[in-house]
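Peer 1: build me a model:
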Amino acid sequence: MARILIVDDSPSQLLGIKRLVEKLGHQAVTAEDGAAGVEAARREKPDLILMDVVMPNLNGFQATRTISKDPDTAHIPIVLVTTKDQETDKVWGMRQGAKAYVTKPVDEAELVRTLKELIGV
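Peer 2: Here you go, the predicted model:
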């Protein structure tokens with residue numbers, strides 16, 4: 001069982017992804033925006049982070065960059081989970097430190113494949 005941090009400002013998206021993560025047998029920790037996500041990553045040290053992009057305070061690209069540059073959290077794989085589906089968004093997200101990019105609505109099979117690739121579960 002992995003501990004997965006889900007960062008999303010939409011309560012319905014947060015709940016849906018949390019249910020999916022828990023259905024797969026993982027523990028879910030949540031944060032409601034990018035700034036809270038950075039703090040939760042530092043505090044919780046999750047095995048993986050599922051990060052939305054369009055959020056207040058600190059967007060997902062900024063939060064990903066902050067987490068991936070911090071020596072205490074740089075080892076945590078980040079998957080951007082977003083409605084932004086342009087190739088330029090994907091390239092930019094990977095440049096910020098993301099290890100994978102999943103578009104919404106989240107396809108369960110794609111998320112399972114991504115988790116297996118990144119954390120082996």
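Peer 1: strands along this protein, start to end?
Peer 2: 3-7, 27-31, 48-51, 78-82, 100-103 (DSSP state E).
Peer 1: helices and strands around the second one, which ones?
Peer 2: Packing contacts for strand 27-31, counted by 3 or more Cβ pairs under 8 Å, 6 or more residues apart in numbering; DSSP states H and E, involve strand 3-7, helix 11-23, helix 34-44. In short, each C-beta sits where N, CA and C put it, glycine included.
Peer 1: any idea how far Met94 is from Arg65?
Peer 2: According to Cβ to Cβ, to the nearest Å, Met94 and Arg65 sit 11 Å apart.
Peer 1: who has more neighbours, those two?
Peer 2: Arg65 (19 against 14; other Cβ atoms under 10 Å).
Peer 1: about what we covered before: most tightly packed of the helices and strands packed on strand 27-31?
Peer 2: With neighbours defined as mean count of other Cβ atoms under 10 Å, those peak in mean count at strand 3-7, which reaches a mean of 25.
Peer 1: show me the residue at the heart of this structure, geometrically.
Peer 2: Ranked by distance to the mean C-alpha position of the chain (Cα atoms, centre = their mean), the top residue is Leu50 at 1.6 Å.
Peer 1: returning to that earlier point: want to try JSON lines for the helices and strands packed on strand 27-31, with distance to Phe61 and mean pLDDT as columns?
Peer 2: Shown next, in JSON lines, are these (distance: least, Cβ to Cβ, whole Å; pLDDT from 0 to 100):
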{"stretch": "strand 3-7", "distance to Phe61": "12", "mean pLDDT": "98"}
{"stretch": "helix 11-23", "distance to Phe61": "17", "mean pLDDT": "95"}
{"stretch": "helix 34-44", "distance to Phe61": "9", "mean pLDDT": "98"}
